Structures are given as C-alpha cells and as structure tokens.
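# Give me coordinates for this.
(one chain, ligands or ions: 2)
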Amino acid sequence: MAETTYSDRTIPKISLHDFDSRIDEITAQLVAAAEADGFFAVINHGISVDEIEAQFDAAGRFFSLPDEVKATVPFSHRNTGWEKAKQIRPSTGKADQKESYQMQFGKMMEGMWLSEETLPGFRKQSLGFMRKAQAVSEKMMICFARGLGFPDDYFVKAHDVSNPNIQTVLRALHYFAVDPTVPTPEGYYRAGAHADWDFLTLLFQRPGQSGLEICPGREVFTAFGLGDTWTKVEPTAGEIVCNIGDLLMSWSDDRFKSTFHRVKTPTDPAVDYYGPRYSLAYFNQPNTDCQIQGPLKKYPMVTGSQFTEAAMKRNFAALEAKKAANKLEEMKSGLVQAGR
Ligand SMILES: O=C(O)CCC(=O)C(=O)O
Ligand SMILES: [Fe+2]
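Numbering: from 1, shown residues only. Ligands and ions are numbered 1, 2, ... in the order given. Purely as a prediction, here's the structure:
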C-alpha cells in the first residue's frame, strides 16, 4: 500500500465547562479550530465516561447478534439500519471492512428498531444517549451561529430533533479485527478517506482502539481535494472528537473546513492497532425543510433535503469515476502481466 506521510500536529482540546459564563471564550476557540483544521476535541461536555461506555455496551450487544437478525433491519436510502462491508468510498472504490447500524429520532426509524425481546433496553438506551449528544451539539451550534453572525438559535432550530423531518443520525460502527501474522490484503480498508456531509460530527472512541487519522487540505466544499499529510487522533477516555461536515463548510461560505479523515488499515504490527474497533458517530443533519445559505451567499440557497440529495449525487459521481479509474488500473496491470 502507498506510503503515508505523517505530521505531528495536534488537534485543539476545548473545555465546555461553565458554558453559559464562558460562551465568548468557547466560541472563539471553536471558531479558530473550525477555521484551521476542522477537527477538535471537546471535554467537560456533560456526558460521563460511564454514559459513553453504556452506549458502547449496547452497541456491542447489537453487533454480537447473528447477521440474519441484524439483516431484518437493513440499511436503506432512509439513512437508517444495518450494513456490513457495503459502504464504498469514492477515495478507494472499495467497500469498508466494517459493519454499522444507523439510528434516527424521527420517522425514518419506523420499523428499524429490533424488538425488545431481541435486544432488551437497546432503543431506550440509544435514544437517551442521542439526546445527550444532541445537547452537546446544541451548545456548539450556538457558538458557530455567533461566529458567523447568525442569531443564537439559528442552527439549533434547523436541527430540531422533535421535528419528524429530522435527519440526525447516531451511527454505531464495528471494524473487524485483522490478522497481524499475515500481510493485510491489498485493497483492504477499514474506513477509506472521506469528508462527512453533515453539519457537525461528534465521534466517541474507545481508548486503545486507535486508527482515526485526519488530513486537512480542502479549500471549497464542492471539491474532493485531499491534503498530503495525515495526523493520528488517539482515542482518550471521555473526549469527544468533533469535525465540521460539508454542510457547515458550505453554510459558512467555506470559512469552516470539512476535513478528510479515515480509519487506517493496519499494515505494520509494530505500530498499528489490529484488534476490533468500535466507535459511535453522531451526525447532526438538518431538518429536510430548513433553508441553507451562508452569510456571504457564496452558494445558492438550498433546503435540507436538497443539500442531502446533492451530497449523495456528488458522492455517487465521484464513486463512479473512482471505479472506472480502478478498472483501468486493473486492465493495465492485466496487460502488463499478459505481456510478460
Ligand atoms: O469510526 C471512526 O472512527 C470514523 C467513522 C467515520 O468517519 C464515519 O463514519 O463517517
Ligand atoms: Fe467520517
């Protein structure tokens, strides 16, 4: 696999304690982090380590069910449900080697919860955790609204989880353990490089289960430009790693950066983590009917559903281009072998 260049930059750590009295200081820190790397960690956010672990336990119980059971709540265009080794990234053209289960608050989740008999307490636990992640998100939304000159409640209203049209998602992820005694196969990816297309992502990780890497370098949200140096983001107990998504990049007229990131494929037993990795990603997505446009009106006004639709189309087009490029590569190397 291609060599990776690393840089030792660190992401800012921002404490949300005494939020109301420190809001100006926190706003300044969040805005600076959003403008620089688009990634930062928040601490003292109000969700305890035990509460995070309780959700990891619930996710673990879900993933340890037989595939036939999980397949009764399959992933669909509603952006909810379970998939296994199905998500193909435009950066790789290959499926991520993981399984994930996506949950939402609203109507997209109808029929997508497993029954109480199958997974007792799971639904209540997960919705409770999602509300906690929402509360942390809303604090940051107020700060980003202030930073951009919008009214304080502007982004909170656009992400109102009591609205049945809400698209916000909690995604539980499980990356499979990899055998460190044999070379990792070419084309094996845990999570290929990508930028998120939501407003703001909150990522919960488990200490020891490393692999997340970030790669700043995008100037406009309409481009898929990757930088060339990666930075490892090690999991720390209780920290939430946050990243700006394409929606907030666009909504800020490209002032805040939506940064490429990936979960590294383990290739070197001396430094890489080969065990299973579990993570929880909370994607703040807007209500389908909210109106999106930055203060400088750099991009045309779109609704929440139009933005999501356009993001999926762009992703699909980039994916088709990557698949065609991969095919060409395979044909070329086939010709070279045949000519030998
Ligand atoms: O599992 C992780 O750490 C990253 C997940 C991620 O980036 C995503 O699902 O968008
Ligand atoms: Fe992501």
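# Please, which helix or strand holds the closest residue to ligand 1 within the stretch 151-300 of the chain?
Closest approach between the stretch 151-300 of the chain and ligand 1, counting by CB to the nearest ligand atom: Ser279, at 3.6 Å. In short, each C-beta sits where N, CA and C put it, glycine included. Following DSSP states H and E, one finds Ser279 within strand 277-284.
# picking that back up, give me the secondary structure label for the closest residue to the residue of the stretch 151-300 of the chain closest to ligand 1 other than its chain neighbours.
Excluding the flanking residues, the one nearest Ser279 by CB to CB, 6 or more residues apart in numbering is Leu173, at 4.8 Å. Secondary structure assignment for Leu173 (DSSP: H, G, I helix; E, B strand; the rest coil): strand.
# Tell me which residues of the helix or strand encompassing Ala28 come out buried.
Assigned by DSSP H and E, Ala28 belongs to helix 19-36. With burial defined by 16 or more other CB atoms under 10 Å, the residues of helix 19-36 counted as buried are Phe19, Ile23, Ile26, Thr27, Gln29, Leu30, Val31, Ala33, Ala34, Ala36.
# Flag the least confident of these.
Ranked by pLDDT, these bottom out at Ala36 (94).
# and that one, how far is that from Cys215?
Between Ala36 and Cys215 the computed distance is 14 Å (CB to CB, to the nearest Å).
# go on, Tyr278?
Distance from Tyr278 to Cys215, by CB to CB: 23 Å.
# which of those two has more neighbours?
Cys215 (22 against 18; other CB atoms under 10 Å).
# Give me the spatial nearest neighbour of that one, chain neighbours excluded.
Phe260 (4.5 Å).
# on that earlier part again, just checking: what are the partner strands of the strand holding Ser279?
Note on strand 277-284: by DSSP bridges, its sheet partners are strand 169-175 (antiparallel), strand 200-205 (antiparallel).
# Can you pull up the residues of this protein that come close to ligand 1?
By CB under 6 Å from any ligand atom, the residues of the chain that approach ligand 1 are Arg171, Leu173, Ala191, Asp196, Leu203, Leu212, His261, Val263, Ser279, Ala281.
# can you redo the residues you listed as TSV with pLDDT and neighbour count?
Output for those, formatted as TSV (pLDDT from 0 to 100; neighbours: other CB atoms under 10 Å):
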residue	pLDDT	neighbour count
Arg171	98	18
Leu173	98	22
Ala191	95	25
Asp196	96	25
Leu203	98	23
Leu212	97	23
His261	96	24
Val263	97	24
Ser279	98	24
Ala281	98	21
